[in-house]
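Student: One predicted model, sequence on top.
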There are 2 protein chains.
Amino acid sequence: MKTVVTTGEIVVEIMATRIGQTFLEPGPLVGPFPSGAPAIFIDQVGRLGQPCGMISSVGADDFGTINLERLAGSGVDVSAIAVHQGAATGSAFVRYAPDGSRAFVFNIVNSACGLMAMNEAAEALIARADHIHVMGSSLFSTSAIAVMQTAVDRIQARGGTVSFDPNIRPELLAGSMREALEWVAARCDLFLPSGAELFLFTKARDEDGAVAELLAAGRSAVVVKKGGQGAVFYDAGGRTAVPAFHVEEVDPTGAGDCFGAGFVCAWLRGDAPSDALRLANACGALAVTAKGPMEGTRFRSDIDAFIAAQAEVAA
Amino acid sequence: MKTVVTTGEIVVEIMATRIGQTFLEPGPLVGPFPSGAPAIFIDQVGRLGQPCGMISSVGADDFGTINLERLAGSGVDVSAIAVHQGAATGSAFVRYAPDGSRAFVFNIVNSACGLMAMNEAAEALIARADHIHVMGSSLFSTSAIAVMQTAVDRIQARGGTVSFDPNIRPELLAGSMREALEWVAARCDLFLPSGAELFLFTKARDEDGAVAELLAAGRSAVVVKKGGQGAVFYDAGGRTAVPAFHVEEVDPTGAGDCFGAGFVCAWLRGDAPSDALRLANACGALAVTAKGPMEGTRFRSDIDAFIAAQAEVAA
């Protein structure tokens, strides 16, 4: 089985519990939850039974421990997650508006995440990797970008593959971060944009045109994530669309990350696009049924049972 | 009226709501509360009607805003609290053990607090100041120490006074921070230790001996804070003890900071030691009656009413 790695931010997430709550006065919160987009992704990869690991940094505090214990318990190799004395583990406070949108207070760049760097443990993990998944949110500093680029270069040089989920935060669309997004977009094999992210790196402004442009530019496959409308896979062989599973949404955080994990694992195992999309949709659907960013990642047996149960409902 | 300034950390505090809760799994929290020992002190000074201001730094985020709005609303001059884009406001997560002790996860040194530096606004505030209150917790970095030392030097050079509350965190008792504690201990006029902090800078290991040593070394007055047992004032004129007010403790955080604020304001106004201790005890007692680090600071009228009501009970 192929080994999947990712690099990037590990944070604790603290959630406001009331819709419409602000952070300008005290209110009820819940946390800390283990979190960080690439951490959610790799947790789901681990729970799917795929060999995997992560390059990151946490502080020598309870918030680092909760993340390390969670990932290790899901089967993720945490040997390349550095623990820094005197640094604070990153954090993300999230609150929900009545329209369902989220607003964050982040501490990432100046947290332990900002100390991410290549070291022996990271080199060793990269040497074992067959595939790297890059998330746009992880390109938050020049050092984080450097680690990602080193990992991509080495893994591709050995014939490994790269997937890229733009997972764009507006504040990243400037300067060196924009350049880093373009760098990985131009190198990835598998591109997994959500909605309008499909057009981030294309001249075309329609789906068919953008996909054609991306495939012509060297991408092996493009998976367009459409949330409740399912997902569409494109490659040289054509187009495969699979509708979403319908579940009651408790918390949308992490859905795209889990979708990506499901798709990447199935794709690496050589599954047919329709099967890969079905697994990815199941991971994404289950992710939104639990409160907390990483609370909706499930082990393979639960996901298979969910898919089987949904097939029965549809039959 | 004399103008009081302080320098140091501004943070939001996030509190675990259940006794014995850990930060190794998600649980109920409440926050963000405006906090930071010198911020609590200066908030209480402002609410006592004393002209005052603070030198600090916060991030350009909701957690900076909640602190700035709170302090400004209490009458604190916030012009020297810098707002840094791209930095996160400091934070302190606190949980309570069954024995009443507290454990923290801090993000201070690498938060916006770590960017504290002298600038025009800080210079202007110092130029207006008659007194500076230094807290040991605020000596968390070389830049924070430099700001404190500059402020102390300038205010003393103009004939102003200095009070010092060691407010020791164990992690500060090493290297340059220990030196900075000794630096300010050797320069302060008014020394406000709590419990065993009385002996931090003395050879003597008994209260009378330690106080004599401190007064002989140039301190004008020493106030020993004894929590529920009240407080004792010492100066060349003798010893004045005043018992504590008895209240139901909801949350001990901030009690010593509020006590210090009450004492410093009364001392600067020339009140008799027994009156100053009474005001300080009232501020400390009221501080523990509210959940949240700064939630127990009260305006002068409330504090006077509390003292009057307590006098009636005692009569």
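Tutor: Good, I have the coordinates.

Student: contacts and neighbour counts: CA atoms only from here.
Tutor: Will do.

Student: Around chain B, which positions in chain A sit nearby?
Tutor: A:23-33, A:61-63, A:65-66, A:87-88, A:105-107, A:110-111 (Cα under 8 Å from any Cα of the partner chain).

Student: Inside strands: which ones of those residues?
Tutor: Residues of the residues of chain A next to chain B located in strands (DSSP state E): A:Gly27, A:Pro28, A:Leu29, A:Val30, A:Gly31, A:Pro32, A:Phe33, A:Val105, A:Phe106, A:Asn107.

Student: returning to that earlier point: which of the residues of chain A next to chain B are buried? Put it as a ChimeraX command.
Tutor: Typed into ChimeraX, the line below selects the buried ones among those, using 16 or more other Cα atoms under 10 Å in any protein chain shown:
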select /A:23,24,25,26,27,28,29,30,31,32,33,61,62,63,65,66,87,88,105,106,107,110,111
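
Student: What ranges does the stretch 101-250 of chain A have for its helices?
Tutor: Taking DSSP state H, counting those that start in this stretch, the helices of the stretch 101-250 of chain A run over residues A:120-128, A:142-157, A:175-185, A:207-216.

Student: what comes into contact with the third one?
Tutor: So that's helix A:175-185. A:134, A:136, A:139-142, A:145, A:149, A:164, A:166, A:172, A:191, A:201 (Cα atoms under 8 Å, 6 or more residues apart in numbering or on different chains).

Student: quick one, what contacts the closest residue to chain B within the stretch 101-250 of chain A?
Tutor: Nearest residue of the stretch 101-250 of chain A to chain B: A:Asn107, at 5.6 Å (Cα to the nearest Cα). Contacts for A:Asn107 (Cα under 8 Å, 6+ apart) come out as A:Gly90, A:Ser91, A:Ala92, B:Ala87, B:Ala88.

Student: So what sits opposite it in the bridge?
Tutor: Judged by DSSP bridges, the bridge partners of A:Asn107 are A:Ser91.

Student: what separates it from B:Ala112, distance-wise?
Tutor: Applying Cα to Cα, to the nearest Å, the value for A:Asn107 to B:Ala112 is 10 Å.

Student: Turn the ones in strands among the residues of chain A next to chain B into TSV, columns for pLDDT.
Tutor: Output for these, formatted as TSV (pLDDT from 0 to 100):
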residue	pLDDT
A:Gly27	96
A:Pro28	97
A:Leu29	98
A:Val30	97
A:Gly31	97
A:Pro32	98
A:Phe33	97
A:Val105	94
A:Phe106	93
A:Asn107	95
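
Student: what angle sits between the worst-scoring helix or strand of chain A on mean pLDDT and helix A:207-216?
Tutor: For chain A, using mean pLDDT, DSSP states H and E, the weakest element among its helices and strands is helix A:175-185, scoring a mean of 89. Angle between the axes of helix A:175-185 and helix A:207-216 is 80 degrees (criterion: axes from the mean of the first three to the mean of the last three Cα atoms, to 10 degrees).

Student: Quick check: buried residues in helix A:175-185?
Tutor: A:Met177, A:Ala180, A:Leu181, A:Val184, A:Ala185.

Student: if we can go back for a sec, which of the contacts of A:Asn107 sits closest to A:Glu248?
Tutor: For the contacts of A:Asn107, the minimum distance to A:Glu248 (Cα to Cα) is 24.5 Å, reached by A:Ala92.
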